[in-house]
Each structure stands twice: as structure tokens, then as C-alpha cells.
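[1] give me a 3D structure for the following:
(one chain, ligands or ions: 1)
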Amino acid sequence: MRLHITNGNLITPDGPLRADLLCDDGVISGVLDAGTRVDCDERYDAAGKLVLPGFIDPHVHSRDPGNNHKEDFDHSTRGALVGGVTTVLEMPNAIPPVETLEVFEQRRAYHEKSAWTDFGLWGLALGESNLDQIGPMFAAGAVGVKLFWGYALHKETRSLIYNLDDEPPENLLMPPPNGQVLRLFAEVARHGGLLAAHCEDKDVLATSQEQLGHPIESYEDLLAARPATAEATTIAIATEFAKATGCRFHVVHMASEAGLEAVRSAQRRGVPVSAETCPQYLTLTDQDYPRVGPVMKVYPPVREQRDQDALWNGLNEGSIVSTGSDHAPHTVEEKNRGFATQPAGGVGCETFGPLLIDAMLRGRTTAERLAQVAATETAKLYGLYPRKGVIRPGSDADLVIVDPEASRTVRNEELVAKQPVSPWHGVELRGAPVATVLCGEVVVRDREVVAPRRGRFVRAEHAAASVG
Ligand SMILES: [Zn+2]
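    Below is the predicted model of the structure:
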């Protein structure tokens, strides 16, 4: 099977290049002068379009299995594919969570049946109770292990408990104390792996909530109850642990200027700390709340304009190396509940690419940096490079073709998600992914899936990731 993409503006590691791209049997086989005549099975005319490496969304909670009424892997990966994502990294907190090698292997086989994109798997890090599973999960190809720092786990259902007051203490596996977390860092370092965490210090949150003195009723209350200090505090502790152990530590969904400052100061000292942010933190602020409404509720919360500006600076200067959607759906009914009682999180993997493309076309970043933070650097971080994340011969032919002249309005009713309720409903975005290429095949054209399901599991190679 040979695919010939003609006349596109390729975003390569060496910069933009007007050229043709040849893909043979799923792999990029050549970059040719524009207009070169070659025999092929399929030709795609990309004149006037940008050709980027297929996006990698490293932060997806498909709720599958366990909460399939909220979302499932079929819907999340199909939505992602429509939005230009070719690889999804699935978070470990479905039910049961991926806390052992056994569940890891089960989950891999289970998701292989419904994957529209290629996918990698996260493992869950619980501290002492599954320390012996960290090595086996990395050996099986885990992209990283995630610590929901400060969150308890229900002993029977194995679901994460966001609010400790919701359950009697005897039902809870309490979050590991920091001494155990330090041991976890050492264990991940021993296996050359990557440790990521939700960073909001639970004690800072508890005291802030107490000081507020009443339940959260407004957006201001939410920001007061979950201050940026909570994020920066956990990052500061993690930095010391990373320094002490040599463990690579990754801050997921970083939302604040204070968090960024903590990451920067660690990086300046040579500590192996990296960070991700998400479209919600790059495109929304507290000022959007009156328009968007309660559906904007995510943890950590979307903050102020200065935080958003700082995150863009961090992304452009290199402190932030990766972006992810934090796709974490709840039902439409749940998301339409009152602000105080509705769960945090929402759909995002389908709008992830389009929102970043829009921001790029508005000048907040360059096409080259977009390719890095949505593909290349993400692939490197998670041990998938150079197989994934880059336009160069020998890499998987995973691409997103973008029309910079198009514009599209996000509409809940057009989303693939099982529970389509987006904070960007009604927002017009510049540019649009007009085709997704997975493994050398055009699988999406103009939002329509045009090829059978063909997603495969991709194994992370962390030792190899530091080379090249
Ligand atoms: Zn998440």
C-alpha cells in the first residue's frame, strides 16, 4: 500500500518544507520534491495545506471499563481521530485501574478491540501497595505511571475518591504519605520510567476550603478553595524527590503561573522535571465562566489571564514540552448539575487538535512548536520516538493535514463523544484538520471516518527514548 501526499507544506524537525511525502506499508518512506511523479495506490492533494505529524493525546480517561455510560474507548478514540489525533495514551483509572501487570495486559487486549487510534497505556502508582508492579508494567510497555497524589482509592470498587468525606474511612485505601511517594520515585527511576502526577497538595486544598467557610458556589469560590499554591507546593516536593532519586517527573495538566515557576526553577537546577498543559488552560480564563457556565469545571481549575499567558510563554520557551486534552467525560446530566455538586472534568480529545491549531493561527505559537508539543516532544517523553511523533523516513506514517483557511464552529451535537457537552460549544475556530492519516492510510476526511478501525497498541521503550 503506497500513499502519495502531494504539494503539502510539511512541518518537519528541520522546519517547514514544501514537498511531497511518500508512505509505504504504513511507514514514511520518502520526502520528495513537490510534484515528483510516482506510482501509488492513493494520492492526496495537500496543496495549500499544512502536513503535521499526527497528534498524540497523552491524557485521555475513556472511563472504560467501569463507567461506560460516561464514555468508552470506541467513542474517545474515534473522536480523537476525527480531531487529528493518531495516538492516544489512556490513563489508568478505569475500573479496575491498571495497578498490576495482569490488569495492564487485560486492558491492552480489551482496548485493541475498539481502538480507532493507536494507543499506549499508563499504569497506576499507588505507593507501597503496588510498588512491585512498577517494573513489570514498564517492561510490558507502559508509557508512564501516574500518581493521583493525595487521592484515596476505594478498597472494593478500586475507583478514585476525590472527596475523602464521601466515604467511611474503612472503605478507603488512603493516599501514600510522602515518605512512600519518595520510595515510588526511586522505584520508577530504577526502571528508567516516567512518573507523572496530579499536582494539587491535599492539605493546602483542605485548609483553603476550610477558610472559605462554606460550600463552593461561585467560580471565585472554586479558585479560592483550589489556589495555585496547591499546585506549586506539590511540584516543589516532587522536584526534591526527583533530584534525590534521578526519577523523571512529569506534571500533568499544569494550570498556573505558580506551577510554571516551580517547574522552571527545577529545570534551571537540572532536575528532570517536565510539564504538560491542556487546551482548557491555554484558551479559557475565569472571565469565560459567565459565558461557558458550570461545564467549565475541571481540576485543577482554569485560572486567570496571567496564568494563561504564562502557560503560553512556558510552552513557547520549552518549559512545557507536551499538551494533552485531559479528556475526562461525565454525563450531560451530571455536567448540567449545579456548580457545587457536579463532577470536575469533561470531553476534550476531539477538540484538542482543533483548539491548538486555532491558537497557532492566531499567533500564540508557531506550526513548528505545535508539532513539537502535540506530537514530537510528547513521543520522546513517553518512549514512543522516533516511531511516533515526527515526519521523517522510517517513522510511522501518522499525519494530520490542516487547512489553515478553513473555519469551523464547535457544536455539541456534532461531537463523537458519548456525552457531548463541551466548554467550547458555539466557538468558531480558525483552521481545521481536513484529513487524518493513520499508518499510511487516509482514515478521516472532513470529519468523516472513511476506513475501518485499525488502532494498535504501541509499546513504550523508555531506555531507547533518550537516544536520538
Ligand atoms: Zn486527567
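[2] so, low pLDDT: which residues of this protein?
    By pLDDT under 70, the weakly predicted segments of the chain are 464-468.
[3] helix or strand for residue 234, which one?
    helix 228-245 (DSSP states H and E).
[4] who's in contact with that helix?
    Under the contact criterion Cβ atoms under 8 Å, 6 or more residues apart in numbering, helix 228-245 has outside partners 149-150, 178, 181-182, 185-186, 188-189, 197, 199-201, 204-205, 208, 247-249, 251, 254-259, 261-263, 265-266, 269, 271-273, 300, 303, 307. C-beta coordinates here come from the backbone N, C-alpha and C atoms, glycine included.
[5] for ChimeraX, write the selection for the buried entries among these.
    Buried members of the contacts of helix 228-245, defined by 16 or more other Cβ atoms under 10 Å, are picked up in ChimeraX with:
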select :149,150,178,181,182,185,188,189,197,199,200,201,204,205,208,247,248,249,251,254,255,256,257,258,259,261,262,263,266,271,272,273,300,303,307
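[6] picking that back up, alpha carbons of the helix or strand just after the helix holding residue 234, as CSV, please.
    Per DSSP H and E, the first helix or strand lying C-terminal to helix 228-245 is strand 248-251. Taking Å, rounded to 0.1, in the frame of the first residue of the first chain, the C-alpha atoms of strand 248-251 are listed here in CSV:
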residue,chain,number,x,y,z
ARG,A,248,12.0,11.7,35.6
PHE,A,249,8.9,13.5,36.9
HIS,A,250,6.1,14.9,34.7
VAL,A,251,3.5,17.4,35.9
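[7] tell me the angle the very next helix or strand once past strand 248-251 makes with helix 228-245.
    Next in sequence after strand 248-251, counting helices and strands by DSSP H and E, comes helix 257-268. Angle of helix 257-268 versus helix 228-245, following axes from the mean of the first three to the mean of the last three Cα atoms, to 10 degrees, is 20 degrees.
[8] may I have the strands that pair with the helix or strand just after helix 257-268, each with its orientation?
    Tracing the chain past helix 257-268, the next element assigned as helix or strand by DSSP H and E is strand 273-277. Looking at strand 273-277 with DSSP bridges, its partner strands are strand 248-251 (parallel), strand 320-323 (parallel).
[9] buried sites along the helix or strand residue 20 falls within?
    Assigned by DSSP H and E, residue 20 falls within strand 15-24. Across strand 15-24, burial judged by 16+ other Cβ under 10 Å covers 16, 19-24.
[10] relative to that strand, what are the paired strands and their orientations?
    So strand 15-24, judged by DSSP bridges, has these partners: strand 2-12 (antiparallel), strand 27-33 (antiparallel).
[11] gap between it and the chain center?
    Centroid displacement of strand 15-24 relative to its chain, using Cα atoms, centre = their mean, to the nearest Å, is 27 Å.
[12] same check on stretch 270-289?
    That offset, for stretch 270-289, works out to 11 Å (Cα atoms, centre = their mean).
[13] which residues of the stretch 351-468 of the chain fall in helices?
    Listed in chain order, the helices of the stretch 351-468 of the chain (DSSP state H, counting those that start in this stretch) span 352-361, 367-371, 377-381, 462-465.
[14] which strands or helices does the third one pack on?
    Contact here means 3 or more Cβ pairs under 8 Å, 6 or more residues apart in numbering; DSSP states H and E; on that basis helix 377-381 packs against strand 55-60, strand 320-323.
[15] most tightly surrounded among these?
    With neighbours taken as mean count of other Cβ atoms under 10 Å, the helices and strands packed on helix 377-381 reach their highest mean count in strand 55-60, at a mean of 31.
[16] sort out which residues of stretch 365-372 are buried, please.
    Under 16+ other Cβ under 10 Å, the buried positions of stretch 365-372 are 365, 367-372.
[17] so what's the residue count around residue 109?
    10 (other Cβ atoms under 10 Å).
[18] assess the claim that residue 173 and residue 126 are in contact.
    Yes - with contacts counted by Cβ atoms under 8 Å, residue 173 reaches residue 126, the gap being 7.1 Å.
[19] neighbour count winner among those two?
    residue 126 (22 against 15).
[20] now do the SS call for that one.
    coil (DSSP: H, G, I helix; E, B strand; the rest coil).
[21] check contacts around residue 410.
    351, 354, 422, 424-427, 429.
[22] excluding chain neighbours, what is closest to it?
    residue 424 (4.3 Å; Cβ to Cβ, 6 or more residues apart in numbering).
[23] and the one you found, how many residues sit next to it?
    26.
[24] ok, it to residue 396 distance?
    29 Å (Cβ to Cβ, to the nearest Å).
[25] fine, thanks again, bye for now.
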